[in-house]
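A.B. asks: Dropping the sequence and predicted coords here.
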Amino acid sequence: MMLRATFRAEWTKLWTLPGTIWQLLSIAVLTGLVDVGVAATVHCPCEQDVPKTVLTGVLLGQAAAAIVAVVFVSNEYSTGLVQLTLTAMPRRWLVLVAKAAIVTGLVLAAAAAGVAGSMIAARLMIPSLSLDDGAVLRAAGGSVLYLGLVALLALGAATMIRDTAVAIGAALGLLYLFPMLAALATDPHWQRRLEQIGPMPAGLAIQATQQLKSLPIGPWPGLGVLAAWAFGSLMLGLLLFEWRDA
């Protein structure tokens, strides 16, 4: 009963936030439109990894996914609603679990719509792109999972920081920090290491369909690195959520 009531309350709060539907639509639109635009520039036969190139829109979609997750948490602190929430539902871990499940489910749905639409459109423009190829399906499905994990990472950051602007900056800053450091690194060993441990470069390895042995990290292990970052962010957020005064 408590679990159902908590999920219902969090679901209601999310949909009463101004702009929720537009933020979710922006995940699909940003991902899909950029993907289609990039696909229009691909001319085959070519040497580039076509599925990975087509899925470039995920780089913009992740910003929208992070914003949805952060606002879901930070809005309660800015309005003071969190005190009422915790009075009605004192099990804080359950509140955070409900938030995580709801925002992840919605982001995954929006991401799936954007990725599926863009891949179908890309297939019409690039006849050589096979949508029933295992590697292509893994790249597309993995991109959806990538956006869901980014939302979880941002949710954890928002729970720790509680301020909307700072939490969005921290989540996106963490994602882009490792690619920038890798680009600045002069030692190939450290460059490869940074790409292996960074949530964004490791997670986006899931999109690769060619020359997998030359990658700093494999597709599924790379997505696992992002999952570890997301889980760590949530766990640290939960600890602070439990210990700090609301």
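C.D. replies: Arrived safely, thanks for sending. Residues are numbered from 1 along each chain as shown.
A.B. asks: Surely P199 is in contact with F178?
C.D. replies: Yes: using CB atoms under 8 Å, P199 is in contact with F178, at 7.1 Å. Placement of C-beta: from N, CA and C, glycine included.
A.B. asks: Which one's more surrounded, the two?
C.D. replies: The neighbour count for P199 versus F178, taken as other CB atoms under 10 Å, is higher for P199 (26 against 19).
A.B. asks: need the contact list for the more buried one.
C.D. replies: 150, 153, 174-175, 178, 225-226, 229-230 (CB atoms under 8 Å, 6 or more residues apart in numbering).
A.B. asks: 10 Å instead, please
C.D. replies: P199 makes contact with 146, 149-150, 153, 171, 174-178, 222, 225-230, 232-233 under the criterion CB atoms under 10 Å, 6 or more residues apart in numbering.
A.B. asks: try T104
C.D. replies: By CB under 10 Å, 6+ apart, the neighbours of T104 are 65, 69, 145, 147-149, 151-152, 155, 230.
A.B. asks: Spatially, what comes nearest to it if we skip its sequence neighbours?
C.D. replies: Spatially, and ignoring its direct neighbours in sequence, T104 is nearest to G148 (5.1 Å; CB to CB, 6 or more residues apart in numbering).
A.B. asks: tally of neighbours for that neighbour?
C.D. replies: With other CB under 10 Å as criterion, G148 counts 25.
A.B. asks: Relative to V115, how far out is it?
C.D. replies: 11 Å (CB to CB, to the nearest Å).
A.B. asks: just checking, the residue nearest to T104 touches V68?
C.D. replies: No: counting by CB atoms under 10 Å, G148 sits too far from V68 to count as a contact (11.1 Å).
A.B. asks: what touches both of those two?
C.D. replies: Common contacts of G148 and V68 (CB under 10 Å, 6+ apart): 103, 106-107, 110.
A.B. asks: What pLDDT is listed against A109?
C.D. replies: Model confidence at A109, given as pLDDT, is 96.
A.B. asks: do the same with the one 10 residues further on
C.D. replies: As summarised for this prediction, M119 has a pLDDT of 91.
A.B. asks: In contact with the residue nearest to K52 when sequence neighbours are not counted, which residues?
C.D. replies: Distance criterion CB to CB, 6+ apart; nearest residue to K52, sequence neighbours excluded, is Q207 at 4.3 Å. By CB under 10 Å, 6+ apart, the contact set of Q207 is 49, 51-56, 58, 135-136, 138-140, 142-143, 146, 219, 222-223.
A.B. asks: Filter those residues down to just the ones in helices.
C.D. replies: 51-54, 58, 135-136, 138-140, 142-143, 146, 219, 222-223 (DSSP state H).
A.B. asks: now, among these, which is nearest to T186?
C.D. replies: The nearest member of these to T186, counting by CB to CB, is G222 at 23.4 Å.
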